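>>> Okay, predicted coordinates and the sequence, questions at the end:
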Amino acid sequence: MTVIGLDDTDSRERGMCTTYVATRVAEAVRGAGGRVRELLLVRLNPAVEHKTRGNAALAIHADIDPDEAFALAARELDRLAETDDARTSPGVVVADGDPAAVPDAVSDFARRAVRELHAVDDAVSLLDAAGYRHRGWKGGRGRIGALAAVGADAAFDEWTYERISYREPGRWGTPRDVDDASAFSAAADGYPAVWDTVDRVEGELVCVPHTPCPILHGVRGDDPDAVRAVAEAIDGEPAERTALFRTNQGTDAHLRPGTLDGVGSSAKRGKRGPASPEPVEDGRAYRLTGTVSDAPKTRPGGHVFLTLVVDGGDLPCVAFEPTKRFRDRVRALRSGDRVTVCGEVRDGTLKLEKFAARALVRTKLVTPDCPDCGRTMKSAGRGQGYRCRECGTRAPDRVEAPLDRDLDLGWYEVPPCARRHIAKPLVRGGFDAPVHPER
């Protein structure tokens with residue numbers, strides 16, 4: 001078998017999409033008499049500076065001579081990649097052999113590409129050591145993602161699916177014609193096997209992009225037949241072509257256990273096992289548990305901030321305005337609550353994707369009432385407790401009273417309109433506490 005990896009062919013402003021380039025390469029393989037077994041869509045580290053919106057790399061598993069595959073792929077990238085964009089730096093990698101049996105160094109590279117930051121030189125060194133064919137355009141930064149896509153099948157165990165429908169080329173860059181009612185109806189029929197197709201509260205078609213790319217819509221879910229059925233039930237402009245991808249979307253593959261113990265100590269980090277908490281660094285995503293140290297605060301722009309005490313250190317966290325109603329869940333937290341948070345760290349602040357309420361403060365301290373007359377007591381002076389001015393009854397201090405909480409134990413998440421491609425929706429299950437899914 002031959003594996004063809006592609007990355008970084010699109011542009012934020014000019015359009016194109018690496019998934020589309022992959023479908024055209026797959027068609028070229030078929031046209032040359034080869035057999036395409038499947039397409040992989042691999043979401044890499046969402047914190048990468050040079051990414052376009054989804055930071056996707058693609059792999060094509062095919063039965064074709066690797067030299068011919070390399071020539072076909074290079075030809076399609078020459079023709080389709082948006083190399084006029086200064087930020088676009090495409091790459092192609094072709095490997096000969098079973099994608100499930102790549103060298104350990106390649107699968108490890110793929111695993112780390114979802115959680116860390118790689119350099120082009122590191123990718124090229126590994127490509128040469130593995131004997132893979134490769135080519136880069138304009139520096140070839142895309143070879144990082146292309147190599148990661150080649151190693152992804154061996155690197156990850158959890159997979160979902162996406163069915164992507166592409167527009168006719170003459171319509172690219174124009175408003176998309178998609179029937180909202182049919183999309184919402186199809187999404188309801190496909191849920192929960194098919195998720196994040198729409199956001200029912202915000203009234204948004206999550207499956208429809210807003211960029212000038214060739215995609216009409218992309219439907220994600222756990223079952224290939226289910227995503228196909230939902231996609232075909234959405235009315236609107238005709239699709240020029242469609243493709244089904246196996247993908248690591250919706251899996252939380254980017255998250256790792258984190259700690260504030262020994263932050264910045266690479267030596268200490270090196271002694272930890274693969275599942276051990278790692279010191280928090282910018283440009284990576286973590287799962288951490290701690291205690292809320294102060295009440296959440298809403299700042300200009302509608303962003304909600306709080307501070308979590310983790311391993312004796314302070315971790316600022318934020319729910320940005322685009323997370324919409326999720327911010328109300330964050331605002332409902334109180335000092336003393338025990339929570340697990342998930343998200344990317346940037347400039348020392350964790351950008352919340354989801355959180356789990358582990359233990360909630362259930363009482364508050366209040367001024368005592370007089371047991372005789374029921375009136376609220378008054379302070380008797382500094383350090384002297386409280387006294388009822390009518391009855392003379394005294395109390396040594398404030399007392400505990402039940403606290404009404406607009407929050408239950410369990411997991412809460414950002415709504416579909418704010419979800420990252422790689423983040424795992426709660427409806428998929430497998431979480432360690434009750435879930436409160438958004439749809």
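Right, received. Where do you want to start?
>>> Which phi and psi values does the closest residue to L39 other than its chain neighbours adopt?
Computed as CB to CB, 6 or more residues apart in numbering, the closest residue to L39 that is not its neighbour in sequence is F245, at 4.9 Å. From N, CA and C alone the C-beta is placed, and that goes for glycine too. According to degrees, to the nearest 10, the main-chain angles of F245 amount to phi -120, psi 140.
>>> Correct me if wrong: F245 contacts R43.
No: F245 is not in contact with R43 according to CB atoms under 8 Å; the separation is 10.8 Å.
>>> Low-confidence ranges, the stretch 251-400 of the chain, go.
The stretch 251-400 of the chain contains residues with pLDDT under 70 at 262-274.
>>> Now do the contacts for A233.
Neighbour list for A233: 182, 185-186, 189 [criterion: CB atoms under 8 Å, 6 or more residues apart in numbering].
>>> do that again at 7 Å, thanks
Neighbour list for A233: 182, 186 [criterion: CB atoms under 7 Å, 6 or more residues apart in numbering].
>>> Quick check: bridge partners of the residue nearest to R394 when sequence neighbours are not counted?
Spatial nearest neighbour of R394, excluding adjacent residues (CB to CB, 6+ apart): R387 at 5.0 Å. For R387, the beta-bridge partners are K378, R394 (DSSP bridges).
>>> R387 touches T376, doesn't it?
No: applying CB atoms under 7 Å as the test, R387 and T376 come out as separate, 11.2 Å apart.
>>> Which residue of the two possesses the greater neighbour count?
Between R387 and T376, counted using other CB atoms under 10 Å, the more crowded position is R387 (17 against 11).
>>> what's the neighbour count on the nearest residue to G34 once chain neighbours are set aside?
Closest residue in space to G34, ignoring its immediate chain neighbours: I64 at 3.1 Å, by CB to CB, 6+ apart. I64: 22 surrounding residues under other CB under 10 Å.
>>> show me what contacts I64?
Applying CB under 7 Å, 6+ apart, one finds that I64 lies in contact with 2, 29, 32, 34.
>>> try G302
Each residue near G302 by CB under 7 Å, 6+ apart is listed here: E321.
>>> rewinding a little: narrow the contacts of I64 to those in helices?
Judged by DSSP state H, the contacts of I64 include V29 as members of helices.
>>> Taking the contacts of I64 together, which two end up most distant?
Spatial extent of those (CB to CB) is set by the pair T2 and A32 at 11.6 Å.
>>> If you count surrounding residues, which of these two has more?
Neighbours per residue (other CB under 10 Å) separate T2 from A32, with T2 holding more: 23 against 14.
>>> who's the more buried one bridged to?
A62, D96.
>>> Next one: it relative to V93, how far apart?
Going from T2 to V93 by CB to CB, to the nearest Å gives 11 Å.
>>> Repeat that for I64.
I64 sits 15 Å away from V93, going by CB to CB.
>>> same deal with E116?
For E116, the distance to V93 - CB to CB - is 19 Å.
>>> wait, what's in contact with P316?
P316 neighbours (CB under 7 Å, 6+ apart): 305, 307, 348-349.
>>> which stretches of the stretch 101-250 of the chain form strands?
Under the criterion DSSP state E, counting those that start in this stretch, strands of the stretch 101-250 of the chain are mapped to 133-136, 160-167, 194-195, 215-221, 239-247.
>>> pLDDT averaged over the longest one - what is it?
By that I understand strand 239-247. Averaging pLDDT along strand 239-247 gives 98.
>>> Paired strands for that strand, with orientation please.
For strand 239-247, the paired strands and their directions (DSSP bridges) are strand 35-43 (parallel), strand 160-167 (antiparallel).
>>> and G15, which of these is closest to it?
Among the strands paired with strand 239-247, strand 160-167 comes nearest to G15, with 10.4 Å by CB to CB.
>>> so how far is the closest one from its chain's centroid?
What separates the centre of strand 160-167 from the centre of its chain is 18 Å, taken as CA atoms, centre = their mean, to the nearest Å.
>>> Just the CA atoms of that strand, as CSV, please.
Extracted in CSV, the C-alpha atoms of strand 160-167 (Å, rounded to 0.1, in the frame of the first residue of the first chain):
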residue,chain,number,x,y,z
THR,A,160,-15.0,9.6,13.8
TYR,A,161,-16.2,10.5,10.3
GLU,A,162,-17.0,13.5,8.2
ARG,A,163,-18.9,13.6,4.9
ILE,A,164,-17.9,16.8,2.9
SER,A,165,-19.8,18.1,0.0
TYR,A,166,-18.0,20.5,-2.4
ARG,A,167,-19.4,23.4,-4.4
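>>> who's in contact with that strand?
By CB under 7 Å, 6+ apart, strand 160-167 touches 19-20, 41, 214-224, 227-228, 231, 237, 239-247, 249-251.
>>> Show me where the stretch 101-250 of the chain has its helices.
104-113, 120-130, 142-155, 180-190, 224-233 (DSSP state H, counting those that start in this stretch).
>>> Surely V94 is within a helix?
No: looking at V94 with DSSP: H, G, I helix; E, B strand; the rest coil, it is strand, so not inside a helix.
>>> re the thing from before, mean neighbour count, the strands paired with strand 239-247: which tops it?
strand 160-167 (a mean of 24; mean count of other CB atoms under 10 Å).
>>> Show me what the strand ranked longest in the chain is packed up against.
Looking across the chain with DSSP state E, the single longest strand is strand 349-359. Judged by 3 or more CB pairs under 7 Å, 6 or more residues apart in numbering; DSSP states H and E, strand 349-359 is in contact with strand 313-319, strand 338-346, strand 410-413.
>>> Among these, which comes closest to D397?
Closest approach to D397 among the helices and strands packed on strand 349-359 (CB to CB): strand 338-346, 25.1 Å.
>>> and that closest one, which residues are buried?
By neighbour count, and taking 16 or more other CB atoms under 10 Å as the criterion, the buried residues in strand 338-346 are 338-345.
>>> Go through those and name the one nearest A359.
Nearest member of those to A359, counting by CB to CB, is R338, at 3.9 Å.
>>> what's the closest one in contact with, if anything?
Applying CB under 7 Å, 6+ apart, we find R338 in contact with 291, 358-359.
>>> that older thread, out of E116 and V93, which sits in the more crowded spot?
V93 (33 against 17).
>>> so that one makes contact with A148?
No: at 9.2 Å, V93 does not count as touching A148 under the criterion of CB under 7 Å.
>>> What confidence value was assigned to V427?
Listed pLDDT for V427 reads 98.
>>> What does it show for phi and psi?
According to degrees, to the nearest 10, V427 has phi -60, psi -20.
>>> Quick check: the gap between T2 and R115.
27 Å.
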